[in-house]
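K.L.:
okay, sequence plus prediction incoming.
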Amino acid sequence: MEVGQPDDPGETPPAPGRRSPWILSQDALRGLLSALDADLDRAGEKYERLRQKLIVFFLGRGCEDPEDNADETLDRVCRRLAEGEAIRDVGCFSYGVARHVQSESARRHRQRERALRQQLAAPPPSWTDALASESAIECIQRCLRTLDVRDRELIIGYYDGDGRARQSDRRELADRFGISSGALRLRVHRIRRLLEGCTRRCLGSGGESGVKGR
């Protein structure tokens with residue numbers, strides 16, 4: 001591969017103990033600006049245009065955090081320059097890095113989705129057991145009332161219904177709240193964890209409850 005070509009510009013995770021995490025410095029950022037243009041003002045404008053184009057790149061591929069991914073891409077380009085790599089076309093090289101960042105982001109997203117599906121498919125035994133007692137149901141209802149209205153509607157709507165109807169209802173619920181299905185599952189997971197903790201505290205204190213960690 002010729003130096004500076006974006007054939008394989010991604011970051012390969014280093015072996016444990018071989019390389020300390022890299023932190024963006026002012027000198028590294030100046031190195032990227034200098035590679036974009038000798039004039040500092042023009043370099044700043046080109047940097048912002050490149051960042052916006054990268055954000056659009058990630059948006060077009062359905063990434064959850066397009067701005068963070070764009071910044072991560074530019075940080076990696078800064079690092080390659082700081083390490084002495086001669087990059088002839090920063091824009092072209094940046095898109096090569098962006099493809100690696102997008103691939104890594106998609107892989108992490110799939111891993112989170114898989115973990116969440118496993119967690120949501122099987123509620124913890126303590127939570128299942130709690131539902132069997134009248135005192136626990138009273139605590140759950142009390143804890144539900146401490147939630148924000150939107151969170152309460154979301155958690156109730158998510159577990160309402162069954163079978164195919166439930167899946168359809170969940171898609172409609174995500175649309176109503178203006179979020180993706182993945183974001184819906186993340187929010188439900190967070191709310192359910194709060195409710196579980198609140199219910200345990202309620203049962204342990206004889207009925208006094210309150211959602212903490214909000």
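P.N.:
All right, it came through fine. Residues are numbered from 1 along each chain as shown.
K.L.:
low-confidence stretches in the protein?
P.N.:
Flagging of the chain using pLDDT under 70 yields the residue ranges 1-21, 115-134, 161-166, 206-214.
K.L.:
which parts of the longest helix along it are buried?
P.N.:
Longest among the helix segments of the chain by residue count, using DSSP state H, is helix 90-121. Neighbour counts over helix 90-121 (16 or more other CB atoms under 10 Å) mark Val90, Phe93, Ser94, Tyr95, Gly96, Val97, Ala98, Arg99, His100, Val101, Gln102, Ser105 as buried. Where C-beta positions appear, they are placed from N, C-alpha and C, glycine not excepted.
K.L.:
so can I have JSON lines of these showing distance to Cys78?
P.N.:
Compiled in JSON lines, the buried residues of helix 90-121 are given as follows (distance: CB to CB, whole Å):
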{"residue": "Val90", "distance to Cys78": "10"}
{"residue": "Phe93", "distance to Cys78": "12"}
{"residue": "Ser94", "distance to Cys78": "10"}
{"residue": "Tyr95", "distance to Cys78": "16"}
{"residue": "Gly96", "distance to Cys78": "15"}
{"residue": "Val97", "distance to Cys78": "10"}
{"residue": "Ala98", "distance to Cys78": "14"}
{"residue": "Arg99", "distance to Cys78": "18"}
{"residue": "His100", "distance to Cys78": "15"}
{"residue": "Val101", "distance to Cys78": "13"}
{"residue": "Gln102", "distance to Cys78": "18"}
{"residue": "Ser105", "distance to Cys78": "19"}
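K.L.:
what's the longest helix of the chain packed up against?
P.N.:
Secondary-structure packing of helix 90-121 (3 or more CB pairs under 8 Å, 6 or more residues apart in numbering; DSSP states H and E): helix 26-36, helix 40-60, helix 66-82, helix 181-204.
K.L.:
what is the orientation angle of the shortest one with helix 90-121?
P.N.:
With axes from the mean of the first three to the mean of the last three CA atoms, to 10 degrees as the criterion, the two stretches helix 26-36 and helix 90-121 enclose an angle of 130 degrees.
K.L.:
do the last one as well
P.N.:
Angle between the axes of helix 181-204 and helix 90-121 is 40 degrees (criterion: the same axes, to 10 degrees).
K.L.:
buried residues of helix 181-204, list them for me.
P.N.:
Neighbour counts over helix 181-204 (16+ other CB under 10 Å) mark 184-188, 191-192, 194-203 as buried.
K.L.:
for the one helix or strand Ile137 maps to, packing partners?
P.N.:
In this structure, Ile137 sits in helix 134-146 according to DSSP states H and E. Helix 134-146 is packed against helix 125-130, helix 149-158, helix 181-204, with contacts defined by 3+ CB pairs under 8 Å, 6+ apart.
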